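J.: Output the structure for:
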Amino acid sequence: MHGMAMGAHHWLSAHARLLWARRKASVMADIETQSFNSTNISGAEYNPDTGDLSVTFARTGTTYDYINVPPTVWAAMKEASSVGQYFRENIAGIYGS
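T.: As a prediction, this is how the structure comes out:
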């Protein structure tokens, strides 16, 4: 327990701390939420102030975060005829998680 006294986020990577700080700051932002009728993706949240995108996968319920996603990419994802395919081709592996 000695290490726990130094703060809960001490062990987090720099990337994880950045995401945590952004998520904490986004509480005051106008977060856009979207549900999808998709076999792969059940929903997403987007912060237009930071470009942070959180995508929840339908099969597992797991949510992954992507950073610096442009508003145009988010808008196109919402309009895509296949959200899963759009995500794979335009977000996954490009914007990090």
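J.: isn't residue 39 right next to residue 83, touching?
T.: No - using C-beta atoms under 8 Å, residue 39 is not in contact with residue 83, being 9.3 Å away. Where C-beta positions appear, they are placed from N, C-alpha and C, glycine not excepted.
J.: So which of those two has more stuff around it?
T.: Between residue 39 and residue 83, counting by other C-beta atoms under 10 Å, residue 83 is the more crowded of the two (23 against 11).
J.: ok, now which ones touch the more buried one?
T.: Listed by C-beta atoms under 8 Å, 6 or more residues apart in numbering, the contact partners of residue 83 are 36, 38, 40, 41, 77.
J.: If any of the residues you listed are buried, put those into a PyMOL selection.
T.: The buried subset of the contacts of residue 83, as determined by 16 or more other C-beta atoms under 10 Å, is captured in PyMOL by this line:
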select buried, resi 36+38+41+77
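J.: In a markdown table: the contacts of residue 83, plus pLDDT.
T.: Listed next are the contacts of residue 83 as a markdown table, based on pLDDT from 0 to 100:
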| residue | pLDDT |
| --- | --- |
| 36 | 96 |
| 38 | 94 |
| 40 | 95 |
| 41 | 97 |
| 77 | 98 |
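J.: Can I get the contacts of residue 83 in JSON lines including distance to residue 66?
T.: Supplementary listing: the contacts of residue 83 in JSON lines, determined by distance: C-beta to C-beta, whole Å:
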{"residue": "36", "distance to residue 66": "15"}
{"residue": "38", "distance to residue 66": "16"}
{"residue": "40", "distance to residue 66": "15"}
{"residue": "41", "distance to residue 66": "12"}
{"residue": "77", "distance to residue 66": "11"}
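J.: Report the two of the contacts of residue 83 separated the most.
T.: Spatially, the most separated pair among those is 40 and 77, at 12.0 Å (C-beta to C-beta).
J.: got any residues that touch both of those two?
T.: When contacts are counted by C-beta under 8 Å, 6+ apart, the set common to residue 40 and residue 77 consists of 83, 87.
J.: thinking again about what came up before, Serialize the contacts of residue 83 to JSON lines and add fields for secondary structure.
T.: Below are the contacts of residue 83 laid out as JSON lines (DSSP: H, G, I helix; E, B strand; the rest coil):
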{"residue": "36", "secondary structure": "coil"}
{"residue": "38", "secondary structure": "coil"}
{"residue": "40", "secondary structure": "coil"}
{"residue": "41", "secondary structure": "strand"}
{"residue": "77", "secondary structure": "helix"}
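J.: I'm done for today, thanks for sticking with me.
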